[in-house]
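In: give me the fold of what follows.
(3 chains)
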Amino acid sequence: MMSTRAEKASTVARDTTRRIAMGKRKGIWKEQLFKYVLILCIVIAFVTLLALIIHSAWLGRGRLDLNLITQMPSTLNPETSGMQSALWGTVILMVGVLVTVVPLGISAAVYLEEYADTERWWNRFIELNIQNLAAVPSIVFGILGLAYVVREGFAFGPVAYAGSLTLAMLVLPTVILASREALKAVPDSIRQASYGMGATKWQTVWHQVLPVAVPGMITGTILAMSRAIGETAPLLLVGATTFVTFNPDSAFAGAYTAIPVQIYQWASRPQPEFRELAAAGVILLIVVLLIMNSAAIWLRNRYSRFDL
Amino acid sequence: MTSQTTTETTSNTRGHVPPVMAARELGVYYGDFHAVSGVNLDFNRHEVTALIGPSGCGKSTVLRSLNRMNDLIPKARVEGEVTYHGQDIYQPKIDPIEVRRRIGMVFQKPNPFPKSIFDNVAYGPRVTKMKVDSMNDLVEQSLRRAALWDEVKDNLKGSAFGLSGGQQQRLCIARAIATSPDVILLDEPCSSLDPIATAAIEDLMTDLKQEYTQIIVTHNMQQAARISDTTAFFTAGVDEESGKRIGRLVEYNDTSSIFNNPAEKSTEDYVSGRFG
Amino acid sequence: MSTTTRTDRPSVVLVAQSSRWGEKLIHFWLGFCALSSVIITVGIVLALFTPLPEFFSRVDFRAFFSADPWAPALATPSFGVWNIVVGTLNVTMYALIVAIPAGLGAAIYLSEFAGRRARKVLKPVLEVLEGVPTVAYGIFAFIFVTPLLRDNWPTWLPGDLGDAPGIFSSGAAGLVLGVMIIPTVASISEDAMSAVPRSLREGAYGLGSTRMQVATKVVVPAALSGIVAGFVLGVSRAIGETMVVLLAAGASPNLTLMPNESVLPMTAFIGRTATGDISVGTDVYFTIFAVGALLFTMTFLMNMISIALVRRFREQYE
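Out: Residues are numbered from 1 along each chain as shown, chains lettered A, B, ... in the order given. Here you go, the predicted structure:
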């Protein structure tokens, strides 16, 4: 519907051109070629992803078994080596990210969307700052974590929660932006009605706005978590040791590693057995991400939009 | 004090009972835009006052400034005063939330909360922490007063979105009266309803007159003539100083006078359909 | 009944019944959470820049910003950061050769040619592409693309360009990185093109223009600042990306723009150094912060340019 008028206009234009000058066929041919080149541009990205998946699945096909998730990594027996410790490490890391970033990110979004007066320079500054933070390279967060989470500041040492906190800071802008979108989608009439009853700001937010925004916030959070789960670079700096043959003691004690770090470690070894393991690990990671993304899309469609 | 000044300065004051609410030289700005200025009105107890006039004349703006809903619009600014039982509600020490608890509001489009019918009505008493003996009784009483009880009594746990537009609007009225306010503001409550639902709302408003002071903005002149006791006619004119369009109050009187014997030519043109 | 009591009340209390401390406390907490993003930025700046005085007391400022060899871990260390900056530029350049045309083409297709249904499918898939872990792209570049390039290298090319790459190749890393940032470039450019008012397009169609003419002569010029914002953000992402270059670009800080050699981009240096055993207080430890500060400054400038361009574009059409 959106572009019917434009389409009609273009059809008319094309017809006229054809009728007026028969020699214009060449132009139409050029038009078609242009379109196919554009399609090719999109296809490049998809084909690369497809090649990546097929290549990894083919290379890692021998290792896509239960050993991959039940066995500990081993340098001596790469043929039965698995990534149990990395799997556990990732689970602990992600729980840490979740409990840290969700309250912080949603609160910040509620402030910016419901409380902040955007005329004030400090609120504009916060928004600008979040926009910039979203584009800071992930490895820089690793340096931040190294300096103020592992060594000084929080001084947690190289434990799993140090990784969680670093990743939480990394995905905080994503959670804030997604939560703000969810809050923006809540119709203003609901807020008006609530204020009109004599409800306070927080009563309005808590009883009326948040319940409607929650599905959108969950979707945004899942997408943010799926970004965190694949992050490797910052973890290299905050102590995700690349070779751990035991599960982490807790979020605050013991060495830990994570799936992408384990994959990186295997991939950088020269023996082909380890490369196969790395490829199998990539497939595992992509499957986990696919599940998370599907859940997010399902949620988005299930509670698509709130229409009055 | 204020009520004394009121009687002295206005010609519109009718009767001897002090008005429930009054506006004195009320003006509203949105940023640099001067939406309406110089409004003087008295709203008498247990009467229906209609605010009529063409689009953009500032009638809705005036209505929203009566319970400080304009506070929610960034850059909105109010000058002059609005008194409620003699108190200026724009004094710094006044809490807008307390104001809105006494001066309820019904909106143009029915806007029930995405909750059950019961929870819609119970929301106000709950958030205002009213001392209620039985919430069930209060909900029933409110729905009865809003003439909705018989239609929804078997479905109180059902979603408010399952109701028809007219029922939703009556639910919004039930919701507003559940907190036992003093004044109810209605902003074109029938503009999105069909004639039958409109008639139901109008009957309801006439019934509610016994207990509440009502102020309604309407586009529909027949509606104003049917249900209101007093009518205020607004129009948008060009401000001599700034050259910009600005809303102003033209005439305020008994509804019968406004419709049958208007003092101003522009009022007559509007109510007889020649303008607007 | 209740109304009678209310209206008969001689003076109605409209002053707040309670001080609503809870409300104020919540407001304060929410504001604090929003401020946390600023605290993080301040933390980044402090973490990166406070070790610099110590670093530059050990390393000569001029020697750092020079083309001296890059060998911070040697017994007689040398800190010519230009080598690894050029390493970053090398990879970024090849990434952009892929990402700019492909990203722009994808954006034009989505905004001007794709039907509603195609767009509804393609846009979320593009989002998913953005979410593929970078380590997966890194392995793909290292284990698949580099050997592919090596085996099919155009050895007839003149001079050094004709040498097939070894295990590492900046070109392979650049190509894969380029594909990786296509979604970034495409989505921002597409947003800009969709924001171009329909009246502009209709005006051109009315004059008998074809779709291609409208896209290239009307929409792209009108959306230019938004499109450039997408490019700049793409550059920022390419400069800051770690895993692909860490795995595929190599470890030799060669001062070259050739695609068939191994280079050490800045992020790869940081990642590689961090995975090794480094003790606090050594020159190498401080070098991480110095390189990090340089990296942050470069990407920060890019991000600010991109944000400013997007804002200017929005003002133009709002």
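In: can you give me the strands in chain C?
Out: For chain C, applying DSSP state E gives strands covering C:70-71, C:78-79.
In: of all the ones you listed, which one is nearest chain B?
Out: strand C:78-79 (52.5 Å; CB to the nearest CB). Every residue, glycine included, has its C-beta placed from N, CA and C.
In: other SSEs contacting that closest one?
Out: helix C:61-64, strand C:70-71 (3 or more CB pairs under 8 Å, 6 or more residues apart in numbering or on different chains; DSSP states H and E).
In: partners of it, with directions?
Out: strand C:70-71 (antiparallel) (DSSP bridges).
In: closest point of the stretch 201-318 of chain C to chain A, which residue?
Out: Going by CB to the nearest CB, chain A is nearest to C:G240 of the stretch 201-318 of chain C, at 2.6 Å.
In: got a list of what that residue touches?
Out: Each residue near C:G240 by CB atoms under 8 Å, 6 or more residues apart in numbering or on different chains is listed here: A:136-140, C:267, C:295, C:299.
In: how about a cut-off of 6 Å?
Out: Taking CB atoms under 6 Å, 6 or more residues apart in numbering or on different chains as the criterion, C:G240 is in contact with A:137, C:299.
In: kindly report the residues of the stretch 201-308 of chain A close to chain B.
Out: Contacts of the stretch 201-308 of chain A with chain B, taken as CB under 6 Å from any CB of the partner chain, map to A:203, A:208.
In: which bits of the stretch 201-308 of chain A sit near chain C?
Out: A:202, A:226, A:230, A:232-233, A:236-237, A:260, A:263-264, A:267, A:275, A:278, A:282, A:285, A:293.
In: residue boundaries of the helices in the stretch 201-318 of chain C?
Out: Per DSSP state H, counting those that start in this stretch, the stretch 201-318 of chain C carries helices over the ranges C:211-213, C:220-222, C:224-240, C:243-248, C:266-275, C:283-316.
In: return the distance of B:F33 relative to A:F252.
Out: Relative to A:F252, B:F33 is positioned 57 Å away (CB to CB, to the nearest Å).
In: where does chain A get nearest to chain B, residue-wise?
Out: Closest point on chain A to chain B, by CB to the nearest CB, is A:G198, at 3.3 Å.
In: next up, the contacts around the residue in chain B positioned nearest to chain C.
Out: Going by CB to the nearest CB, chain C is nearest to B:D95 of chain B, at 3.7 Å. Residues near B:D95 by CB under 6 Å, 6+ apart: C:A16.
In: pLDDT value on it, please?
Out: Here the pLDDT value assigned to B:D95 is 89.
In: how far away is it from C:F300?
Out: In terms of CB to CB, B:D95 sits 45 Å off from C:F300.
In: likewise for C:F113?
Out: C:F113 is 36 Å from C:F300, by CB to CB.
In: looking at these two, which one has more neighbours?
Out: C:F300 (19 against 16; other CB atoms under 10 Å in any protein chain shown).
In: so what pLDDT did the more buried one get?
Out: Confidence score, pLDDT, at C:F300: 96.
In: look up the closest residue to it, ignoring the ones flanking it.
Out: A:N132 (6.9 Å; CB to CB, 6 or more residues apart in numbering or on different chains).
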